[in-house]
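J.: Predicted model, plus sequence, below.
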2 protein chains.
Amino acid sequence: MANRETYLGEFEHIVLLAMLHLKENAYGMTIRMEIEARIERSVSIGAIYTTLERLEKKGFITSNMGEATPERGGKAKRYFSLTSAGKAKLKETRNIIDTMWQGIHPDLLRGTYA
Amino acid sequence: MANRETYLGEFEHIVLLAMLHLKENAYGMTIRMEIEARIERSVSIGAIYTTLERLEKKGFITSNMGEATPERGGKAKRYFSLTSAGKAKLKETRNIIDTMWQGIHPDLLRGTYA
DNA sequence: TTATTTATTCTATTTTGTATAAAAAATAGT
DNA sequence: ACTATTTTTTATACAAAATAGAATAAATAA
């Protein structure tokens, strides 16, 4: 073996999936809402943006500023979308997790307190 | 909302699952091998142990030293097993990931280069 | 012109991931 | 008995990811 490329972190994984659900409408605020809506948990907006920043630096997503037109006020949105590298990484991550879960019987997750 | 408990990291997740596969035979070296066998990737033994150490501190696993009887030489093994908290956390993590993947059409992962 | 809304950026800290080197404890050989 | 070898754990250090909170920014509403 020999390999350095790290896994996609858990949160990066989640952010990427939220973006996929949002399609053309993925930007900081909606990504945050999408995640909070699906998972019983609050996420700080700062967590979202630093993660987005990192994902972009790694080439898994790209961004482009929205051309004005805010309906109610507010700064211009920055839209994000997955690159093919990001999609590939997502599939790879999914495979790793599936492989690890393969053959785990529900019984193994039940009881035996301690 | 309001909540602090963090996700299980990707690697912690993997280590816990490897332990489940190994059942009574989970200790540093076998966990490493189990992971490397399932995933096309090498993992340092130090990575395994620090992760194990943290998981124990968090109450997701417990350990006990094996009572001698090494067949060929070598220091006594330290066996690890999941606590019910660890199992619960694993289920929770699985649910989060499943929830996020729900409704992602394969098409969304295909093409559109960029 | 000020308040409000929507949104992003900056900064700092804690947690996780990861590798390498060192130590420990047992057996095998001579 | 002593030394080499094997198997395994511990210690140490550093990089990357997660996370929060405050600061900014830019637009509309009053």
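T.: Done, it's in. Numbers count the residues shown, from 1 in each chain, chains lettered A, B, ... in the order given.
J.: which residues does the residue nearest the centre of chain A contact?
T.: Chain A has A:V15 as the residue nearest its centroid, 1.8 Å off, counting by Cα atoms, centre = their mean. Contacts for A:V15 (Cβ atoms under 8 Å, 6 or more residues apart in numbering or on different chains) come out as A:31, A:35, A:48, A:51-52, A:55. C-betas here are computed from N, CA, C, even on glycine.
J.: Tell me the confidence at it?
T.: As predicted, A:V15 sits at a pLDDT of 98.
J.: any chance you could map the strands in chain A?
T.: A:61-65, A:78-82 (DSSP state E).
J.: between those strands, which gets nearest to DNA strand D?
T.: strand A:61-65 (10.0 Å; Cβ to the nearest atom of the strand).
J.: Which elements pack onto that closest one?
T.: helix A:45-57, strand A:78-82 (3 or more Cβ pairs under 8 Å, 6 or more residues apart in numbering or on different chains; DSSP states H and E).
J.: For chain B, find the nearest of those.
T.: strand A:78-82 (7.9 Å; Cβ to the nearest Cβ).
J.: who touches stretch A:91-107?
T.: Stretch A:91-107 is contacted from outside by A:7-8, A:13, B:10, B:13-14, B:17-18, B:20-21, B:35, B:38-39, B:94, B:97, B:101, B:109, using Cβ under 8 Å, 6+ apart.
J.: can you do 6 Å?
T.: With contact meaning Cβ atoms under 6 Å, 6 or more residues apart in numbering or on different chains, stretch A:91-107 is reached by A:8, A:13, B:14, B:17, B:20, B:38-39, B:109.
J.: pull the longest helix from chain A.
T.: Longest helix in chain A by number of residues, with DSSP state H as the criterion: helix A:84-101.
J.: where does it sit relative to the chain's centre, distance-wise?
T.: Put simply, helix A:84-101 sits 12 Å off its chain's centre (Cα atoms, centre = their mean, to the nearest Å).
J.: swap in stretch A:101-111?
T.: For stretch A:101-111, the distance to the chain centre is 26 Å (Cα atoms, centre = their mean).
J.: Equivalent analysis for stretch A:83-92, please.
T.: Mean-position distance between stretch A:83-92 and its chain equals 11 Å (Cα atoms, centre = their mean).
J.: List the buried residues of that stretch.
T.: Neighbour-count burial for stretch A:83-92, counted by 16 or more other Cβ atoms under 10 Å in any protein chain shown, picks out A:83, A:86-87, A:89-90.
J.: do the same with stretch A:94-104
T.: A:94, A:96-97, A:100.
J.: will you turn those residues into CSV that also has pLDDT and distance to B:V43?
T.: Listed next are the buried residues of stretch A:94-104 as CSV, based on pLDDT from 0 to 100; distance: Cβ to Cβ, whole Å:
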residue, pLDDT, distance to B:V43
A:R94, 96, 19
A:I96, 97, 12
A:I97, 97, 16
A:M100, 98, 13
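J.: quick one: which of those is nearest to chain B?
T.: Looking across these and measuring by Cβ to the nearest Cβ, the closest to chain B is A:M100, at 4.2 Å.
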